[in-house]
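quick one: sequence plus predicted model below, questions after.
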Amino acid sequence: MADVEAAKRAAAQTAVANHYPKDARWVGIGSGSTIVYVVEAIKALGVDTSATRYVPTGYQSRQLVVGAGLTAVEFDALPAGTVLDVAFDGADEVDDDLNCIKGGGACLFQEKIVAMQAKEFICVADSRKLQSRLLTNWKYVPIEVAPMAAYRVLNKLKELGSVDPIIRTNLDPKEGPRKTDQDFFLIDAPFPIMLTQSDIVAGKVSGKDGAWEVNDLSKKIKEIVGVLEVGIFSGLTGPQASAAGGIGGQRPVAAYFGMPDGSVSVRKASS
Ligand SMILES: O=C[C@H](O)[C@H](O)[C@H](O)COP(=O)(O)O
């Protein structure tokens, strides 16, 4: 475990060294255990942060920012038209194309919004998250749902091929369903290993026996009424999104992984 924490810290330090802008004005800060090392690395830069505003992605993230002596500004308090210089976040799994699974720690909706408002979205993780295809080591897609629709969504997910999707409970199940920062529920939906675009080019069929191409599954789940957001971050990357008239994408432009030997492995978007 100590090695995993060291790996997260190494990845965070490299990601911050490579992507934290000298005169950062707006910086997105994600959620989870790895982002803690990102904030630590930002502080360790020793740069003047007095004019920088950090946009949190939930309660834990805001506490982290404030606890580090940085200034938080909520997403809905950003001046109109604000584009974040960069957003850092963790991930539960990242594939060859930089598609990610997120939401293992119950945060995904605010994370997606913040990522898409940033010029650069950067993921930081340890080597367990580095896989060729999603749902290789990580086994389910976290989905944020309106409480009153949860059982309806569960049934719809079964129709898509998810075997035994469940409503996530608190650690002590007697305490009931786990609530998100939006007071919604989470459904954890297991699916077979996801297909990439290259699999489709090679002739595999999306949706057969529940094995979906990443973008396809994300869209299908998002179409279910009652779903607020799905923990698959896929589609356009930052440059592609801005070329299409948007700001940033759901997919990171780069992901940093701390490896067991102390090195940091980087995956970058090709376009
Ligand atoms: O719900 C939580 C977020 O999506 C996290 O960024 C993700 O689960 C990775 O968390 P960690 O850095 O703790 O592995």
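Noted; the coordinates are in hand.

tell me the contacts of the residue lying closest to residue 73 once chain neighbours are set aside?
Closest residue to residue 73 apart from its sequence neighbours, by CB to CB, 6 or more residues apart in numbering: residue 53 at 4.3 Å. Every residue, glycine included, has its C-beta placed from N, CA and C. Applying CB atoms under 8 Å, 6 or more residues apart in numbering to residue 53 gives the contacts 25-27, 71-73.

ditto for residue 127
Here residue 127 is in contact with 7, 257-260, 265 (CB under 8 Å, 6+ apart).

the strand or helix carrying residue 266: how far from the chain's middle?
Using DSSP states H and E, residue 266 sits within strand 264-268. Distance, stretch centre to chain centre, for strand 264-268: 16 Å (CA atoms, centre = their mean, to the nearest Å).

can you give me the neighbour number for the closest residue to the ligand within the stretch 151-271 of the chain?
Going by CB to the nearest ligand atom, the ligand is nearest to residue 231 of the stretch 151-271 of the chain, at 6.9 Å. Burial of residue 231 is recorded as 29 neighbouring residues (other CB atoms under 10 Å).

wait, isn't it in contact with residue 102?
Yes: using CB atoms under 8 Å, residue 231 is in contact with residue 102, at 4.8 Å.

now the common contact residues for those two.
Counting by CB under 8 Å, 6+ apart, the contacts common to residue 231 and residue 102 are 92, 108, 142.

of these, which is the nearest to the ligand?
Proximity of the shared contacts of residue 231 and residue 102 to the ligand was ranked by CB to the nearest ligand atom; the top entry is residue 92 with 4.7 Å.

so what's the backbone phi/psi at that closest one?
phi -90, psi -30 (degrees, to the nearest 10).

so residue 235, which of the three states?
Here residue 235 is coil, with the state taken from DSSP: H, G, I helix; E, B strand; the rest coil.

quick check: it touching residue 248?
No: contact status for residue 235 versus residue 248: not in contact, 10.9 Å apart, counting by CB under 8 Å.

which one's more surrounded, these two?
When residue 235 and residue 248 are compared for neighbours, residue 248 comes out ahead with 27 against 16, by other CB under 10 Å.
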